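[1] Provide a 3D model corresponding to the input given below.
(one chain, ligands or ions: 1)
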Amino acid sequence: MNLGGMMTGRGLIDDLSIRTSSTILLAVIDGVGDLPIEELDGRTPLEAAATPNLDSLACLSSLGQHVPVARGITPGSGPAHLALFGYDPLEHHIGRGVLSALGVGFDLLPGDLAARINFCTVGEDGTVTDRRAGRISTEACRELIGDLSEIEIEGVELHLMPVREHRACVVFRGEGLSDSLSDTDPGLVGRKPLPVTAGNPDAERTAEIVREFSAKASRLLEGKNPANQILLRGFALHGSWKTMEERFGLRAAVVALYPMYRGVSSLVGMDVIVPSPDDIHGEVLAVRDAISDGYTFTFMHHKPTDSAGEDGDCRAKIGAIEAFDRIIPELLLAGPDVLCVTGDHCTPCGMKLHSWHPVPLLLYGGPQRTGCSTAFSERAALAGSIGTIRAVELMTILMASAGKLAKYGA
Ligand code: ZN
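    As a prediction, the model looks like this:
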């Protein structure tokens, strides 16, 4: 029995979803949740911030909190967002190659095969002596990627991108590629890079292509020091998941300033709307356009809270929360039937890292059990009428609030 499925309602939401014209706006304040901070007299940034709009909305909303992946588990932003979109991150793994390509803002298309590249050093006997090529500079990495960009392979288009230090990324674009491939990274020094092998007969042609790429890269890097070879890992195909349209009947769009969030959203089939101007006001305009253009699900992303949390700067985090609060009236004017404000995870300023703590959420619009809250904060969320849910359950509640779920059984 799949208890995970029962707990999350996964399957139910797919089966019961109804296509209607009602609209959902999911506004994610990245890393919004925090812990009490001494400098703020024991308040969190969300409690210390002046948020008149969120607070008055809280009176008319249901509040609660979500656990991003599982209790005690600290998530990356990728899996945390997938959960909010109704995709259980424990079942939907974002391949490392795909995440790398998304992270550098590469516009992946369905069917693209992405992999991570590590520049490494091999000795005269062909064994790896340094799996990170002495952590070459990002600049050196960029130059090497420039050298490798002359590689041509019949039947595929190659895209190479530097990432950071010895790390880079490759995307193979062509028909019928497979990600059922083994890594070439032996994982240890003193061993030779492994040949790419196909996990099944359908992957054989792709393995051949990757072997040719590896061999050509080796020839181009021969004699260089310290990066004279590449290791490939994390092969992942883009776009093999069911889209939100297929699963929930939602026409979905993403409004985000950072490429990585557009990338994660496009994994589940959201259309990317690029804000203009490239700031929070551009985002508001893009949200308004998306809703008036008939998108029934719009995801909007607000990043500065997470950056401030990672910098340990609680004043900057307060400022970022207040900036978001100021756009609330405009978001409401855009006319979503249901508005959800939450974070993808907590980024406590005292930790300067993502954390596992539950994340406050506010749900406005549709039939809600209101009257329980007068402010939007971690404490208010804990006492809210939604209670504590797993993030992956949020989409079911959003769909229900928007009148998009049929009754279960007679
Ligand atoms: Zn995040």
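[2] helix/strand/coil for whichever residue of the stretch 301-410 of the chain sits closest to the ion?
    Closest residue of the stretch 301-410 of the chain to the ion, C-beta to the ion: Asp344 (4.2 Å). For glycine as for every other residue, the C-beta is placed from the backbone atoms N, C-alpha and C. Secondary structure, DSSP: H, G, I helix; E, B strand; the rest coil: Asp344 is coil.
[3] what are the buried residues along stretch 379-397?
    The neighbour-count check on stretch 379-397 (16 or more other C-beta atoms under 10 Å) flags 380-381, 384, 386, 389-397 as buried.
[4] and the stretch 251-400 of the chain, which residues reach the ion?
    Asp306, Asp344 (C-beta under 5 Å from the ion).
[5] for the stretch 1-150 of the chain, same thing?
    Asp30, Ser77.
[6] what residue ranges in the stretch 1-150 of the chain score low on pLDDT?
    For the stretch 1-150 of the chain, applying pLDDT under 70 flags the ranges 1-10.
[7] can you show me the strands along it?
    With DSSP state E, counting those that start in this stretch as the criterion, the stretch 1-150 of the chain has strands at 24-29, 62-67, 113-122, 128-130.
[8] would you list the ones you listed in CSV and tack on mean neighbour count?
    Below are the strands of the stretch 1-150 of the chain laid out as CSV (neighbours: other C-beta atoms under 10 Å):
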stretch, mean neighbour count
strand 24-29, 26
strand 62-67, 25
strand 113-122, 26
strand 128-130, 19
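[9] keep only those of the buried residues of stretch 379-397 that are in helices.
    Of the positions in the buried residues of stretch 379-397, Ala380, Ala381, Leu394, Met395, Thr396, Ile397 sit in helices, assigned by DSSP state H.
[10] who are the contact partners of the second one?
    Under the criterion of C-beta atoms under 8 Å, 6 or more residues apart in numbering, the neighbours of Ala381 are Leu63, Gly64, Gln65, Pro358, Pro360, Leu361, Leu362, Ser373.
[11] what's the helix or strand for Asp179?
    Using DSSP states H and E, Asp179 is not contained in any helix or strand.
[12] quick one, what contacts it?
    Gly95, Gly97, Leu113, Ala203, Thr206, Phe235, Ala236, Leu237.
[13] over to it: give its phi and psi.
    For Asp179, the backbone dihedrals (degrees, to the nearest 10) come out as phi -110, psi 20.
[14] residues contacting Ala252?
    Contacts of Ala252 by C-beta under 8 Å, 6+ apart are 243-245, 265, 268-271, 295-299.
[15] switch the cut-off to 10 Å
    Taking C-beta atoms under 10 Å, 6 or more residues apart in numbering as the contact definition, Ala252 lies against 24, 26, 85, 243-245, 265-266, 268-271, 290, 295-299.
[16] adding pLDDT, write the buried residues of stretch 379-397 out as JSON lines.
    Rendered in JSON lines, the data for the buried residues of stretch 379-397 read as follows (pLDDT from 0 to 100):
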{"residue": "Ala380", "pLDDT": "96"}
{"residue": "Ala381", "pLDDT": "97"}
{"residue": "Gly384", "pLDDT": "95"}
{"residue": "Ile386", "pLDDT": "97"}
{"residue": "Ile389", "pLDDT": "98"}
{"residue": "Arg390", "pLDDT": "97"}
{"residue": "Ala391", "pLDDT": "98"}
{"residue": "Val392", "pLDDT": "96"}
{"residue": "Glu393", "pLDDT": "96"}
{"residue": "Leu394", "pLDDT": "98"}
{"residue": "Met395", "pLDDT": "97"}
{"residue": "Thr396", "pLDDT": "96"}
{"residue": "Ile397", "pLDDT": "97"}
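[17] would you turn those residues into a markdown table with distance to Leu220?
    Below are those laid out as a markdown table (distance: C-beta to C-beta, whole Å):
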| residue | distance to Leu220 |
| --- | --- |
| Ala380 | 59 |
| Ala381 | 54 |
| Gly384 | 58 |
| Ile386 | 56 |
| Ile389 | 52 |
| Arg390 | 48 |
| Ala391 | 44 |
| Val392 | 45 |
| Glu393 | 50 |
| Leu394 | 48 |
| Met395 | 47 |
| Thr396 | 51 |
| Ile397 | 53 |
